[in-house]
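*Asks:* Quick one: sequence and predicted model below, then my questions.
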Amino acid sequence: MDKTYIIGICGGSGSGKTTIVRQIEEIVPDFVFVPQDMYYKSAAYVNNQNITGFNFDHPDAFDTDLLYEQLSALKKGVAVDMPQYDFVHHCRSDQTIHIKPQKVIIYEGIMIYSDKRVRDLVDLKLFVDTPADVRFIRRMKRDIEERGRTVDSVVKQYMEVVRPGHIEFIEPTKTFADLIIPEGGYNQMALQVLTSFIRTTLK
């Protein structure tokens, strides 16, 4: 198989990373999608009352060794069984998804540039730069509607770990980006540049 390209899409929680992936999918459907979220470590003891008992906004929250192993395999043209994460019960599911390699891999997450081993696998590094208030509103809406969270637990987690984690671990990785995309999926010009790159790569 020809060279495989990994495109990283990084940014804070609620920044619009997934929106960019979906818009790319409408134009260039032939890629592998690897969300960093699937590689969270299990924390089944966490609930609305003790939501900060496990810090999901720290690099140590991820199984980075497995992530590096599987991204490396995909880049070499080898299929992997990607883990699935249950965000309601905060644990890794028994189910996996068999992923076959493609010429383009979209790797998306909040801390995808934190580990140098993984960062060095990424050929094009993007950073989605969205204001904190917008990110917080999107995160609250998602966590309540999709993950069964309460308003109090979302606010508590945001103030105690999400905001500090963003400042310490996510914002500094912007310096690794080849392209910074303000306002996420609403920046049509940046999306045109990105999809043009992907089309050229596929050719």
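*Replies:* In hand now; what should we look at? Computed from a predicted structure; not experimentally measured.

*Asks:* low-confidence ranges in this structure?
*Replies:* 1, 48, 51-52, 184-185, 201-203 (pLDDT under 70).

*Asks:* Show me where it has its strands.
*Replies:* Here the chain has its strands, by DSSP state E, at 5-11, 32-35, 80-86, 91-99, 104-109, 124-129, 179-182.

*Asks:* Can you tell me what sits against the second one?
*Replies:* By Cβ atoms under 8 Å, 6 or more residues apart in numbering, the residues outside strand 32-35 that reach it are 21, 25, 70-71, 74, 82, 99-102, 104-109. Heads up, the C-betas are built off the backbone N, CA and C, glycines and all.

*Asks:* Mind listing the strands that strand pairs with, and their directions?
*Replies:* If you go by DSSP bridges, strand 32-35 pairs up with strand 104-109 (parallel).

*Asks:* got it, and the fourth one?
*Replies:* Here strand 91-99 has these sheet partners by DSSP bridges: strand 80-86 (antiparallel).

*Asks:* Where do the helices of the protein begin and end?
*Replies:* Here the chain has its helices, by DSSP state H, at 17-27, 64-75, 116-119, 132-147, 151-157, 163-165, 188-202.

*Asks:* Redo these as TSV? Include distance to residue 89.
*Replies:* Below are these laid out as TSV (distance: least, Cβ to Cβ, whole Å):
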stretch	distance to residue 89
helix 17-27	21
helix 64-75	20
helix 116-119	26
helix 132-147	10
helix 151-157	15
helix 163-165	22
helix 188-202	35
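
*Asks:* nearest to residue 94, of the ones you listed?
*Replies:* Comparison of the helices of the chain against residue 94 by Cβ to Cβ identifies helix 64-75 as nearest, at 15.5 Å.

*Asks:* tell me what that closest one is packed against?
*Replies:* Contacts defined by 3 or more Cβ pairs under 8 Å, 6 or more residues apart in numbering; DSSP states H and E place helix 64-75 against strand 32-35, strand 80-86, strand 104-109, helix 116-119.

*Asks:* Could you tell me which residues within the last one count as buried?
*Replies:* For helix 116-119, the neighbour count (16 or more other Cβ atoms under 10 Å) marks residue 118 as buried.

*Asks:* Packing partners of that helix?
*Replies:* Packing partners of helix 116-119 (3+ Cβ pairs under 8 Å, 6+ apart): helix 64-75.

*Asks:* Check what contacts the helix it packs on and list those residues.
*Replies:* Against helix 64-75 from outside (Cβ under 8 Å, 6+ apart): 4, 6, 32, 34, 36, 39, 79-80, 82-83, 99, 101, 105, 107, 115, 117-118, 121.

*Asks:* Pull the CA coordinates from it and hand them back as CSV.
*Replies:* C-alpha atoms of helix 64-75 as CSV (Å, rounded to 0.1, in the frame of the first residue of the first chain):
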residue,chain,number,x,y,z
THR,A,64,-1.3,6.0,25.2
ASP,A,65,0.8,2.8,24.7
LEU,A,66,-2.1,1.0,23.0
LEU,A,67,-2.9,4.1,21.0
TYR,A,68,0.7,4.4,19.7
GLU,A,69,0.7,0.7,18.9
GLN,A,70,-2.5,0.8,16.9
LEU,A,71,-1.7,4.1,15.1
SER,A,72,1.7,2.7,14.2
ALA,A,73,0.1,-0.5,12.8
LEU,A,74,-2.4,1.4,10.7
LYS,A,75,0.3,3.6,9.3
